[in-house]
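1. next come a sequence and a model predicted from it.
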Amino acid sequence: MAQFLADHMAERHDESDDDYAVSAFCRPIETTKNSHIFRMHGYHLGKKPYDAVQAYIKHYTREGDVVLDPFCGSGSTALGALVLGRKAVAIDVSPAATFITRFYVSACDPCDFKARFDTMCARVEREMSHLYGTVCHRCGTGATIHYVVYSNYYVCPGCGRSVSLFEASQDRRRCCPQCLKWDGRIVRIGPPAEAVANGPVAVNFTCHGTCSPKRMTRSITGPYEEQEAFRSIDLQTLARLESEPIPYPHPDRFMMNVSDPEAPWGDEWRPSRNFRTVRDLFTYRNFRALAALMDAAGSDEDLRAVITSGMLAASRKAQHLSGGGGYIPGNWALPPVSKQRNVLESLRTIFARTLQAKRALASLLKSQDVCISTQSAAALHGIPDCSVDYIFTDPPYGGSIQYGELNFIWEAWLGFNTRWHEEEIVVNRSRGRTIEDWAAMMRAALSECFRVLRPGRWLSLCWHDGSMGTWPVIHQILSEVGFVTDSSGTAQTIDTGANTYNQRVWDKAVKRDLVINVRKRRSHESATTSPADATPQNSFRDLARVVISSFLSANPGATKDRVYDHLVGFMFQKGRLEQHNFDKLLESVAERVRDGSRGWVLKSGVRENPES
C-alpha cells in the first residue's frame, strides 16, 4: 500500500500548485438496489449502490485521483472509483468484507468464469442427486426436490397437542385445526408462544416420469395418501441422510466462539435465536450441500464468493411464503416457517445474475488501480500523510448493525481468523463495548482520515442512526479532529427506494441515508467561529420548531421522513443536534394532510418566524 500511494504522490504536483476549489456536493441521490451488480453478493442490506457513491466521487475528484474508504464493506466506494478511472484504497477490519470487495472490483473473463462454475457444478452433481433426489408418490419414478418447508411447532393451549404453524396457517386465523374441528373453538397458534420444535412439513418436487403436472407438493396437510407419502418417503429419507457423516470439510464453530450454552453469544442473540453453532443455522441437507460445493470450489476465490453469496438464502433465515418469495432480514432473526431451498438450484440463479454483472463490469471498469487491505481504520498503516484525494465511507453507527456477528457465518465457512472482533468499532453489550468505547475508536479512525487526506479535500460520511444517539457525538469528533462542516443548510441524502417492510407501511422518519460532507482545512486557513457559536442560543426545541415550520412553509404536504432529513441535516451543520422526540416536535407545529396521504402541513396559526 505504501508503494502504491508513493507512486501516486510522485505523479502529481505538490500542494503549492494545487488549484482545487470544489464546493460541497449539494443534491440528493435517488437510485435502486435492484441491479445485478448490487446483488452480486448478499452483504448487509445497508450497503450503498456503487452508482450513488460514484456521483460523489465524480463531483469531488479528477481522473487518476486516489479515493479511500476505510470502512469498505462490500466495496461500493472502490467500485465507483474504478468505474470513473480513479485509484482506490479499500480498507476494512473484517476479512469477509475485504474478501467480498476483491470479488466486486476484480476484473475477470466472463467465459472463463462460467467454465469454472460449470466444472464445479459437475463435480457435485452426484452428491446433489443424493441429497435432493426423491420419489414421486403418484407414479413411483424418480424426482428432484426444489424446496422443503420447515415449521415451528407450538403446544396448543386448548387440546395440548403439538401443532405446526404451517398447519395452523391453513386457516387465515392461524388456529389449531383440531380444536376448530372438534368443538369450533378458535385457539390461536404461534408467536409470542415459545416454539417446542422445528421440523419438515412439506416438500415441493418435479417428477421425472409421466405425471402431469410434473411439479407438485406433498405435505402433512394434504390428502391422506400425500400425508402417508410424506411420512414414508420424505421423513424416512431425511432420517437416513442425517445418520450419514458429512464427508467434506465444514465449519465446526460456536457462534462468535462462545461455547458456554448459558451465555448469549452476542447482541444479535435472542431466546428465539438460540442457535449455538454455525451448523445450527442450516438444515442437515443444505449444510452438507454447501460443504460439498466449497470443497469442489477449492481455492477459487471467485467461486467461493458466489457460494457465500447464496448462504443466507440456503439457511434457516429464508422465510417461506405460500405465494412464493420471502424476505430475508438483515439480522439473525429466524422465521417460524422457513424454506430449505435446493442449494445447487439456488446457486445457479445467483450465478446467472452474477455473470451478467461481471459482463457489465468488464466494459464499465476504467481502472484496476486498487489496493485492498484488511486492517483497522483506527490505524491506517501504510498510508502516508496527505496522500489521499477524497474519502467516502459508511462507518458503523454505534450498535445499530453488528457486523462482527453478521459476518461470522461467512468467515467461519471461509476459514478466516475472527480475532478482529477485538478491534471492531461497535457498541456491544455482550462484549462490554460502550458508546464511549465506540466514540474513542471512531475518533482515532477520523483522526487518521484527517491525517491522510490532502488539505482542502473532502470527506463524505454516510450516516443512518435513527436512534439519534451517535449524531451529536460524531459532530463533536469531526470538529475536534479539525474538519470544517458543510454549512449549506440542506440535507444530502441517498435514497435507494428499498426500505424495509416496516418503513414502507409505517409512517417512519428514517428512510434514507444522510451524507455529511466535511473538508480538511488548508494550512493557510485560520480556524473560524463554529456554526454552533454563531447560532443564537435559543433552546434546541425552539430552534427545531422554527426549522420544521420554515421547511413546511416552503414544502407543504412533505412526508415525515423528508422533514426529518431536513431537520437533522440543518441541525448537524449548525452543531446544534441533540437527542429528541421527533414525532412530538413535528406534532407541535404541524398536522397530517386530511386527504389520506402521509403528508404534513403547518397547523393553523403556526407560521415561520422570519427573524429566527
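-> Structure received.
2. residue furthest from the geometric center of the protein?
-> Computed with CA atoms, centre = their mean, the maximum C-alpha offset from the centroid of the chain is found at residue 183, amounting to 47.2 Å.
3. in which helix or strand does the closest residue to residue 121 other than its chain neighbours reside?
-> Sequence neighbours aside, residue 344 is the residue nearest to residue 121 in space, at 6.7 Å (criterion: CB to CB, 6 or more residues apart in numbering). Every residue, glycine included, has its C-beta placed from N, CA and C. Residue 344 belongs to helix 343-364 when assigned by DSSP states H and E.
4. so where do the strands sit in the stretch 1-150 of the chain?
-> Under the criterion DSSP state E, counting those that start in this stretch, the stretch 1-150 of the chain contains strands at 29-30, 66-69, 87-92, 133-135, 142-155.
5. can you show me the CA trace of the third one as PDB?
-> What that stands for is strand 87-92. Output in PDB follows, covering the C-alpha atoms of strand 87-92 (Å, rounded to 0.1, in the frame of the first residue of the first chain):
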ATOM      1  CA  LYS A  87      -7.400   4.900  -8.000                       C
ATOM      2  CA  ALA A  88      -9.000   3.200  -4.900                       C
ATOM      3  CA  VAL A  89      -7.800   2.200  -1.500                       C
ATOM      4  CA  ALA A  90     -10.300  -0.100   0.300                       C
ATOM      5  CA  ILE A  91      -9.800  -1.000   3.900                       C
ATOM      6  CA  ASP A  92     -11.900  -3.000   6.400                       C
END
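6. quick one: contacts for residue 135?
-> Contacts for residue 135 (CB atoms under 8 Å, 6 or more residues apart in numbering) come out as 141, 142, 143, 233.
7. now do the helices in the stretch 251-400 of the chain.
-> Residue ranges of the helices in the stretch 251-400 of the chain, as given by DSSP state H, counting those that start in this stretch, are 284-297, 301-309, 343-364.
8. okay if I get the ones you listed as JSON lines plus mean pLDDT, distance to residue 160 and mean neighbour count?
-> Written out in JSON lines, the entries for the helices of the stretch 251-400 of the chain read as follows (pLDDT from 0 to 100; distance: least, CB to CB, whole Å; neighbours: other CB atoms under 10 Å):
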{"stretch": "helix 284-297", "mean pLDDT": "98", "distance to residue 160": "30", "mean neighbour count": "22"}
{"stretch": "helix 301-309", "mean pLDDT": "97", "distance to residue 160": "43", "mean neighbour count": "21"}
{"stretch": "helix 343-364", "mean pLDDT": "95", "distance to residue 160": "37", "mean neighbour count": "18"}
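9. reformat the ones you listed as JSON lines; add distance to residue 401.
-> Conversion of the helices of the stretch 251-400 of the chain to JSON lines gives the following (distance: least, CB to CB, whole Å):
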{"stretch": "helix 284-297", "distance to residue 401": "24"}
{"stretch": "helix 301-309", "distance to residue 401": "18"}
{"stretch": "helix 343-364", "distance to residue 401": "23"}
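10. which stretch among these comes nearest residue 118?
-> Set against residue 118 and scored by CB to CB, the helices of the stretch 251-400 of the chain come closest in helix 343-364, at 9.5 Å.
11. spatially nearest residue to residue 406 (excluding sequence neighbours)?
-> In space, not counting the residues next to it along the chain, residue 406 is nearest to residue 44; the distance is 6.2 Å by CB to CB, 6+ apart.
12. burial of that neighbour, as a residue count?
-> Around residue 44 there are 15 other residues, counting by other CB atoms under 10 Å.
13. quote the end-to-end distance of stretch 133-152.
-> With CA to CA, to the nearest Å as the measure, stretch 133-152 spans 25 Å from end to end.
14. average pLDDT for it?
-> Here the mean pLDDT over stretch 133-152 is 97, rounded to a whole number.
15. buried stuff in that stretch?
-> Under the neighbour-count criterion of 16 or more other CB atoms under 10 Å, stretch 133-152 has 134-138, 143-152 buried.
16. tell me which two of the residues you listed sit farthest apart.
-> The distance between the two most remote of these (CB to CB) is 29.6 Å, for 138 and 152.
17. rewinding a little: let me know the pLDDT of the residue farthest from the centre of the chain.
-> Here the pLDDT value assigned to residue 183 is 88.
18. could you do residue 485 as well?
-> At residue 485, the pLDDT recorded in the model is 86.
19. could you measure from it over to residue 86?
-> When CB to CB, to the nearest Å is applied, the distance between residue 485 and residue 86 equals 25 Å.
20. surely residue 543 is in a strand?
-> No - with the criterion set as DSSP: H, G, I helix; E, B strand; the rest coil, the secondary structure at residue 543 is helix rather than a strand.
21. check whether it really touches residue 576, as I assumed.
-> Yes - judged on CB atoms under 8 Å, residue 543 makes contact with residue 576 at a distance of 6.2 Å.
22. shaky segments in the stretch 401-550 of the chain?
-> Within the stretch 401-550 of the chain, the segments meeting pLDDT under 70 span 466-468, 488-491, 497-511, 526-537.
23. can you show me the strands along it?
-> Per DSSP E, counting those that start in this stretch, the stretch 401-550 of the chain has strands spanning 453-463, 483-485, 492-495, 513-520. These are given in chain order.
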